[in-house]
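Asks: the following block contains a protein sequence and its predicted model.
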Amino acid sequence: MPSRLHFGEDDFLRCRFAVSPLWETQEVVRMLKRPERQGYHAHWLRRMGRVAAGLDLTDLWLLMPQPGHCPDWLCPPPIGPAATFEEEIAAVRASDPQAARADTAKSLADTPGALDSPRAREWLRNPARMIQHLSDVMEEAWHTLVAPDWPRLRALLEADVAFHSRRLAEVGLGGLLPEISRRFGWRTGTLTVEFRGEHERRLGGQGLVLMPSVFIWPDVVSTFEPPWQPTLAYPARGIGGLWAEPADRADDVLVRLLGRGRAAVLTALDEPATTSALAHRLSLAPSSVSAHLTLLRDAGLLTARRYGHQVLYERTPLGMALVSGDG
């Protein structure tokens, strides 16, 4: 079902980009529970899998129903364009206990049987203690799973913001949003998001926060109920090459399997690209790149989608697995 966000005149003036280390912490926890989100993170999972297994994330997973509501108080909209994790978790710890209790009960109700569990009864009986406990778990997940790689993650997220800020200046909000994700549609002041569950909201002068995320792929999230500021989270550009090191690129096995040209094309698709962009990047003739793309697509390693006059190619999960070495 679609989610619809209706813009008024003032909302266009209050749209902003933000980066959130708290959000990335929540989403890496979610990614660990959802194999369909792990395609681009095979290297990270091999490196961090044992560390992640040593964390008890059960309580956070209990509040991540699929589909369903996740508590807004536990990961609120970014408080600024470049807030630190310490600033964000301090705001979580300061949550109003009764508001957090109601928000948590709504989330628990979306998981059959969760409301009647001993843990849920304890939380709802003492929401102040629940806030303290879940904040502690989130902080441990941050320090263990995200903080060691945060400079790399932040650089990619900030590069996404810089790119889309330029595009916003060039094509406006109505032109930018469908570029960010094929799940976004724009028509006469209304943003439609392909999303699990129907949602309708008039922004009412609050504007919209646009937030790239590393660990959210392939999903997008149109999130936060009033009074929270509406926020749209989407997969950041360039996540395909986030964890790759130079020695990982187009290795001998991939070359022997596909041939040097096709291996180079598949490896170069860290993010969706056109035939001409790949030809320029690889210093190959466009006709050769086009032939390689056709064969890779026919083999199920790529998909193609049209955007305006361009055709963008991107890897399928099988293509990701081959490049990452998990094929």
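Replies: Arrived safely, thanks for sending. A quick note: this is a predicted structure, and the numbers were derived from the prediction, not measured. Numbers count the residues shown, from 1 in each chain.

Asks: for the chain, which segments are assigned as helices?
Replies: In the chain, the helices defined using DSSP state H lie at 21-33, 42-53, 58-62, 85-93, 97-108, 118-125, 127-141, 150-180, 252-258, 260-268, 275-282, 286-298, 317-324.

Asks: can you put these in a markdown table and add mean pLDDT and distance to L13?
Replies: Quick note: C-beta positions are derived from backbone N, CA and C, even for glycine. Output for these, formatted as a markdown table (pLDDT from 0 to 100; distance: least, C-beta to C-beta, whole Å):
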| stretch | mean pLDDT | distance to L13 |
| --- | --- | --- |
| helix 21-33 | 96 | 24 |
| helix 42-53 | 90 | 38 |
| helix 58-62 | 95 | 36 |
| helix 85-93 | 95 | 25 |
| helix 97-108 | 95 | 28 |
| helix 118-125 | 94 | 39 |
| helix 127-141 | 97 | 33 |
| helix 150-180 | 86 | 11 |
| helix 252-258 | 82 | 49 |
| helix 260-268 | 89 | 39 |
| helix 275-282 | 85 | 34 |
| helix 286-298 | 92 | 42 |
| helix 317-324 | 79 | 39 |
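
Asks: which of the ones you listed sits most buried?
Replies: Sort the helices of the chain by mean neighbour count, taking mean count of other C-beta atoms under 10 Å, and helix 21-33 sits at the top with a mean of 23.

Asks: centroid-nearest residue for this protein?
Replies: With distances taken as C-alpha atoms, centre = their mean, the chain has I216 as the residue nearest its mean C-alpha position (2.4 Å).

Asks: ok, and the closest non-adjacent residue to L32?
Replies: Leaving aside its chain neighbours, L32 sits nearest to A52 (5.7 Å; criterion: C-beta to C-beta, 6 or more residues apart in numbering).

Asks: how about R297?
Replies: A304 (5.8 Å).

Asks: do you know how far the closest residue to A100 other than its chain neighbours is from S283?
Replies: Nearest non-adjacent residue to A100, counting by C-beta to C-beta, 6+ apart: W73, 4.5 Å away. Look at W73 and S283: by C-beta to C-beta, to the nearest Å, they are 52 Å apart.

Asks: which strand residues bridge Y313?
Replies: On the basis of DSSP bridges, Y313 is bridged to A273, A304.

Asks: for F85, see how far away E225 is.
Replies: Separation of E225 from F85 (C-beta to C-beta): 24 Å.

Asks: related to what we said a few turns ago, ok, the residue nearest to L32 - contacts?
Replies: Counting by C-beta atoms under 8 Å, 6 or more residues apart in numbering, A52 makes contact with L32, L45, T144, L145.

Asks: neighbours of the third one, how many?
Replies: So that's T144. 16 (other C-beta atoms under 10 Å).

Asks: find me the pLDDT at it, would you?
Replies: With respect to pLDDT, T144 scores 96.

Asks: hang on, isn't it packed against L55?
Replies: Yes: using C-beta atoms under 8 Å, T144 is in contact with L55, at 6.1 Å.

Asks: M130 contacts T104, correct?
Replies: Yes: if you go by C-beta under 8 Å, M130 and T104 touch, sitting 6.8 Å apart.

Asks: can you check which residues contact both of these two?
Replies: Common neighbours of M130 and T104 (C-beta under 8 Å, 6+ apart) are W123, L124.

Asks: looking at it, L322 is touching A299, isn't it?
Replies: No: if you go by C-beta under 8 Å, L322 and A299 don't touch, sitting 9.9 Å apart.

Asks: what's in contact with stretch 226-239?
Replies: Residues outside stretch 226-239 that contact it (C-beta under 8 Å, 6+ apart) are 5, 23, 27, 40, 72, 76-78, 156-157, 159-160, 163, 180-181, 184, 191, 193, 201, 203, 206-214, 216-224, 270-271.

Asks: sorry, back to before: dump the helices of the chain into TSV; add distance to A236 as well.
Replies: Output for those, formatted as TSV (distance: least, C-beta to C-beta, whole Å):
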stretch	distance to A236
helix 21-33	10
helix 42-53	14
helix 58-62	22
helix 85-93	18
helix 97-108	26
helix 118-125	33
helix 127-141	19
helix 150-180	4
helix 252-258	25
helix 260-268	18
helix 275-282	18
helix 286-298	24
helix 317-324	16
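
Asks: quick one: closest of those to C15.
Replies: With C-beta to C-beta as the criterion, C15 lies closest to helix 150-180 of the helices of the chain, at 6.3 Å.

Asks: for that closest one, packing partners?
Replies: With contacts taken as 3 or more C-beta pairs under 8 Å, 6 or more residues apart in numbering; DSSP states H and E, helix 150-180 sits against strand 16-17, helix 21-33, strand 184-187, strand 209-213.

Asks: now with 6 Å?
Replies: For helix 150-180, the packing partners by 3 or more C-beta pairs under 6 Å, 6 or more residues apart in numbering; DSSP states H and E come out as strand 184-187.
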